[in-house]
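Novice: Any chance you could fold what I've pasted below:
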Amino acid sequence: MDAQIPRRAQDRVRPRPFAHLDAPLHELYRAIMTVFRDSKQRFVVHLRPEDVAEELRRAAALPAGQEQVDEALVKLEEWGNLRANPDTSRVTTVEDFYRTRYLYQLSREGEAAERALEVYEREMARRAELQAVALEDIRLRLRALRGLPAEPDPAVVHSLLLELSGRLDSLAANATAFMGSLQRTIELQDVDEETFLAYKDRLISYLERFVSELVVKSHDIAATLRGIDAGRADQLLLIAARREAADVAPGAQPSEGGAGTGRTAGGKAAGSGAASESETADGSGTAAIADDPVAEKLRDWKNRWTGLWSWFVDDGPHQSQATMLRKRARRAIPELLGTISVLQERRAGRSDRSADFRALARWFAEAPDAADAHRLWRAAFGLSPSRHLTGEAETGGEAVSASTSWLDAPPIVIAPRLRATGQYQRRGGPVRIRDRSAERDHLARQVQAERQQTEAARSALATGALRRLSEFGVLGDGEFRLFLRLLGEALSAGPPGPDGTIRTRTSDGTMEIVLRPLDSGPVAEIRTDDGVLRGPDHEIVITDLTTPATAPPADLGPADLAPAEARPAGLEPVSLGARP
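Specialist: This next block holds a predicted model:
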């Protein structure tokens, strides 16, 4: 079936709008596509070949003749970047009618490819930054939205929401790009070390300033967002959606991801100079009509509002984007300092034994011959000859010349101490053995005293009885230290139960603590030798799990021995003494 289709029709079925980028004449193709892109921005849709050649000469882009331009236009039309329509506007004779003349215009694929290349070039040339100013803009516009009257002006609402969405998009894109470039800098990828060391201080100050701005502004933005209730937000978003839907062109189709983009069924941007003929997304010539433009626009605005909310407001276990950005920026500061330390070590020429041995191995590998390698060995290690290292002079017939090789000379026995220290004997007198029995007795008495003090504190506190903090009164030094440790483990255990009760055990598993806050009551005061500890009153039960309990404590009141369904949740004195 494909063999019966003309070549130009086959290429149109399978467009390749990026094929001209690696073609032999890619510079000429890019210049021609730039001419069509600039002309479309001036609402000039069709161009003749001579118009394209004239624009190239005027822009001094490339010294191309008319014949080269004609061939390039044909290739671009084959790849699907351009559409060619017969030019019959200047036909005056029969010969002119049969002469091949075309009007060229950007195809849908070519226009999309140009936009993609434009975005690519802009992103590659853009210098990413952390926009602290955008945070202030977002904060001011949110405050303006919150302060609007009950029946606001639709133009004001729409303008504020557009500015808010635009600033957030810019902030998110620039933050992502900046953190990516910062990570490449930390890893020393494509970075000039001299340039990095020159601006390192400014980069760290820049990060610190943005983090401080982000901490303050994001908290204010989150509070403002929480101050706009869901009903009010839906009302404002509906106003903006209705205002945008009023400008939807007839036959407009929604985008795949949500709201309509204001594009006609022919794929041309509304208001940008539509083509003379209609093109549909599927090539069938029929237009897809949105059922409800307001619903499409409203869904789009709700998605933007949800993105704004998730950017600044923490949702339970899910951290906001601002929180994650703040953490990543803070973590980047010590990483940058570590990178600076590595660069400073490189510049200082720091060396170690392994680096020396690697350099020596490289010299051995580069030695021209064996004789040079032997000379390098003697210079590096100095082991041939070295009879003087024996430490004892050789006399008589045992004397060996210093020039004798180690292979030819008799072996020499060297004491291990001489090999390790360079001396036969240790200098000075022998070291006396010190008697440390007194220190050991002192340490044993100290450990025993601390153990007795801890046991006394455990017996005083771990009674298994329900008590208030205000009832402890005066505590000794050992009791107070144990009490603070138990109270700290209970408060840090979390999360509390439905009634606020916290039940936990110590890290060694020997004691159990049950803590429940009181709704009302006096401030608890615990007096010690060092001062007074004050705080909200709680009910606490401390149980020693190393002592098995056979019965509930005798000092529990009637309420503590009530049926299970009548007792407060989490406070069951009968089960506290039993080992689970």
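Novice: which residues sit in contact with the residue nearest the centre of the chain?
Specialist: Centroid check for the chain by CA atoms, centre = their mean gives residue 328 as the closest residue, at 5.4 Å. Taking CB atoms under 8 Å, 6 or more residues apart in numbering, we find residue 328 in contact with residue 179. Just so you know, the C-beta spots here come from the backbone N, C-alpha and C atoms, and that holds for glycine as well.
Novice: continuing past the one helix or strand residue 52 maps to, what's the next helix or strand?
Specialist: Taking DSSP states H and E as the criterion, residue 52 maps to helix 49-59. Next in sequence after helix 49-59, counting helices and strands by DSSP H and E, comes helix 66-79.
Novice: what packs against that next one?
Specialist: Judged by 3 or more CB pairs under 8 Å, 6 or more residues apart in numbering; DSSP states H and E, helix 66-79 is in contact with helix 7-13, helix 26-41, helix 49-59, strand 82-86, strand 102-106.
Novice: on that earlier part again, per-residue confidence for the residue nearest to the centre of the chain?
Specialist: Residue 328 is assigned a pLDDT of 85 by the prediction.
Novice: Just to be sure, it is in a strand?
Specialist: No: Residue 328 sits outside any strand when classified using DSSP: H, G, I helix; E, B strand; the rest coil, being helix.
Novice: picking up where we left off before, single out the most deeply packed of the helices and strands packed on helix 66-79.
Specialist: strand 102-106 (a mean of 21; mean count of other CB atoms under 10 Å).
Novice: C-alpha coordinates for that one, PDB please?
Specialist: The C-alpha trace of strand 102-106 is given here as PDB (Å, rounded to 0.1, in the frame of the first residue of the first chain):
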ATOM      1  CA  TYR A 102       4.400  26.900  -4.000                       C
ATOM      2  CA  LEU A 103       3.500  29.000  -0.900                       C
ATOM      3  CA  TYR A 104       5.200  27.600   2.200                       C
ATOM      4  CA  GLN A 105       3.900  27.800   5.800                       C
ATOM      5  CA  LEU A 106       4.800  26.200   9.100                       C
END
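Novice: That one: how far from the chain's middle?
Specialist: 47 Å (CA atoms, centre = their mean, to the nearest Å).
Novice: Do a quick rundown of the helices in the stretch 451-580 of the chain.
Specialist: 477-493, 573-576 (DSSP state H, counting those that start in this stretch).
Novice: can you redo the ones you listed as CSV with mean pLDDT?
Specialist: Compiled in CSV, the helices of the stretch 451-580 of the chain are given as follows (pLDDT from 0 to 100):
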stretch, mean pLDDT
helix 477-493, 83
helix 573-576, 34
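Novice: Output these in CSV, with mean neighbour count appended to each entry.
Specialist: Formatted as CSV, those follow (neighbours: other CB atoms under 10 Å):
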stretch, mean neighbour count
helix 477-493, 17
helix 573-576, 18
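Novice: Now those in a markdown table, please, with extra columns for distance to residue 410.
Specialist: Shown next, in a markdown table, are the helices of the stretch 451-580 of the chain (distance: least, CB to CB, whole Å):
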| stretch | distance to residue 410 |
| --- | --- |
| helix 477-493 | 72 |
| helix 573-576 | 84 |
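Novice: quick check, distance from stretch 515-531 to the centre of its chain.
Specialist: 44 Å.
Novice: and that stretch, which residues are buried?
Specialist: Across stretch 515-531, burial judged by 16 or more other CB atoms under 10 Å covers 515, 516, 524, 526, 528.
Novice: hmm, which two among these are most spread apart?
Specialist: For the buried residues of stretch 515-531, the maximum inter-member distance is 23.7 Å, found between 516 and 528 (CB to CB).
Novice: Specify the beta-bridge partners of residue 541.
Specialist: Applying DSSP bridges to residue 541 gives these bridge partners: residue 466, residue 514.
Novice: Am I right that it is in contact with residue 464?
Specialist: Yes: using CB atoms under 8 Å, residue 541 is in contact with residue 464, at 6.7 Å.
Novice: Which one's more surrounded, the two?
Specialist: More neighbours surround residue 541 than the other of residue 541 and residue 464, with 25 against 19 (other CB atoms under 10 Å).
Novice: Please tell me how far that one sits from residue 413.
Specialist: 76 Å (CB to CB, to the nearest Å).
Novice: any weak-confidence spans in the stretch 401-550 of the chain?
Specialist: Scanning the stretch 401-550 of the chain for pLDDT under 70 picks out the ranges 402-403, 406, 419, 422-431, 494, 521, 548-550.
Novice: hang on, the earlier thing: which stretch among the helices of the stretch 451-580 of the chain comes nearest residue 293?
Specialist: That would be helix 477-493 among those, by CB to CB, at 55.0 Å.
Novice: Which residues does that closest one contact?
Specialist: By CB under 8 Å, 6+ apart, helix 477-493 touches 453-454, 456-458, 460-461, 472, 475, 502-504, 506-507, 511, 513, 515, 526, 528-530, 533, 540, 542.
Novice: Among those, name the buried ones.
Specialist: Buried among the contacts of helix 477-493 by 16+ other CB under 10 Å: 453, 457-458, 460-461, 472, 475, 502-504, 506, 511, 513, 515, 526, 528, 533, 540, 542.
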